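A.B. asks: Dropping the sequence and predicted coords here.
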Amino acid sequence: MPSNVPNRHTNQLLLRWLIGGVLLVAGLIGALWYNEHRAISWKDTLDPFYWWRRWHNEDLYLPQQDLLLHGNHQLPEVALTFDDGPHPQSLPSILATLQRFHVHATFFDVGENMAVYPNLVRETLAQGNEIGNHTSTHLRLPRLSPLELHHEINDADITFYRITGQHLYLLRPPGMDYNDRVLAEAKQMGYIVVGYTVGAKDFVTDESASFIVHRTLDRLENGSILLLHDYPDTARALPSILEGLAKRGYHVVTISEMIAHLPLKPRLAAVQFLRQQGDPYFGPMVASCGTNLVSPSVVKVRMKKEYKLSQSN
Ligand SMILES: [Zn+2]
């Protein structure tokens, strides 16, 4: 029946379009699902060099820049970091929750907030947490002149030193905005720059606590560094985040503990750098005969406040 031939042809064409459409929709849904749950960015996922570096543990810590990007892939541990504080509206609640769950976190505090709330700085440390430098006034570092850049980092350290008698050794640039110049200056000033792998987007003010929990827990893997903020919404989300971490079998560590747990090669590089700066967590450098070494860079860190203007000219 010749009249059926075009009909059959049309049906086959329709069927192909239908199958193609279903596959396309399924692909889109799969991509969206993956995007919601991925621990690795698209850029890295598609980059064979990333997988090569990951295989060789070269994606964790970059010794040239002293940049920490990730914890040990083999250990079920994550580091909680809280930026922008200390804030009296949220920090007491965050500290109480951490204490209730018997875990410690790393707080990247802003110098001008530390100056206003020195007791919160002391309380944070007294409970076994650690504090890193999140600059003096939260300016984007690549836009600053060399002198402004130095002061923006160093003034936060001066404030912290006045409150605690200790220096800062970890730095998180505001907005994770940095370039080679910022990394070089941070290294020169004795800092390890700390990145993050999971951002909870908890700085968006109208996001609910459940959004923060969902976004944080969905993207975890061994060695993740969680970027949270010292804000009230995050404080409300924190108990559920910690419950979720425990349920998934993750230990919560500070950044210093995460560094101490890195695989051998990156660990040696990071610990040696911090020891040279005099970081008390890792202790001073010890010579093979057992006597303490004071390396030249320890002296440099003690002199950190006295910046030579000529360096910037
Ligand atoms: Zn910040």
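C.D. replies: Perfect, I can see it now.
A.B. asks: which residues sit in contact with the residue nearest the centre of the chain?
C.D. replies: Closest residue to the average C-alpha location of the chain: Tyr196 at 2.8 Å, with Cα atoms, centre = their mean. Contact partners of Tyr196, counting by Cβ atoms under 8 Å, 6 or more residues apart in numbering, are 81, 172, 176, 225-227. Just so you know, the C-beta spots here come from the backbone N, C-alpha and C atoms, and that holds for glycine as well.
A.B. asks: Pull out the buried residues from those.
C.D. replies: Among the contacts of Tyr196, the ones that count as buried by 16 or more other Cβ atoms under 10 Å are 81, 172, 225-227.
A.B. asks: of all the residues you listed, which comes closest to Tyr250?
C.D. replies: Leu226 (10.0 Å; Cβ to Cβ).
A.B. asks: Pretty sure the closest one sits in a strand.
C.D. replies: Yes - per DSSP: H, G, I helix; E, B strand; the rest coil, Leu226 lies within a strand segment.
A.B. asks: Show me what residue of the stretch 101-250 of the chain gets nearest to the ion.
C.D. replies: Nearest residue of the stretch 101-250 of the chain to the ion: Pro174, at 4.6 Å (Cβ to the ion).
A.B. asks: burial of that residue, as a residue count?
C.D. replies: Look at Pro174: counted by other Cβ atoms under 10 Å, it has 18 neighbours.
A.B. asks: And for Gly132?
C.D. replies: There are 25 residues near Gly132, going by other Cβ under 10 Å.
A.B. asks: Please apply the same query to Gly283.
C.D. replies: There are 12 residues near Gly283, going by other Cβ under 10 Å.
A.B. asks: Spit out the contact partners of it.
C.D. replies: Taking Cβ under 8 Å, 6+ apart, one finds Arg275 in contact with Gly283.
A.B. asks: separation between it and the ion?
C.D. replies: The gap separating Gly283 from the ion is 30 Å, by Cβ to the ion, to the nearest Å.
A.B. asks: Any chance of a markdown table for the buried ones among the contacts of Tyr196, columns distance to the ion and pLDDT?
C.D. replies: Formatted as a markdown table, these follow (distance: Cβ to the ion, whole Å; pLDDT from 0 to 100):
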| residue | distance to the ion | pLDDT |
| --- | --- | --- |
| Thr81 | 10 | 97 |
| Arg172 | 7 | 98 |
| Ile225 | 14 | 96 |
| Leu226 | 14 | 94 |
| Leu227 | 9 | 94 |
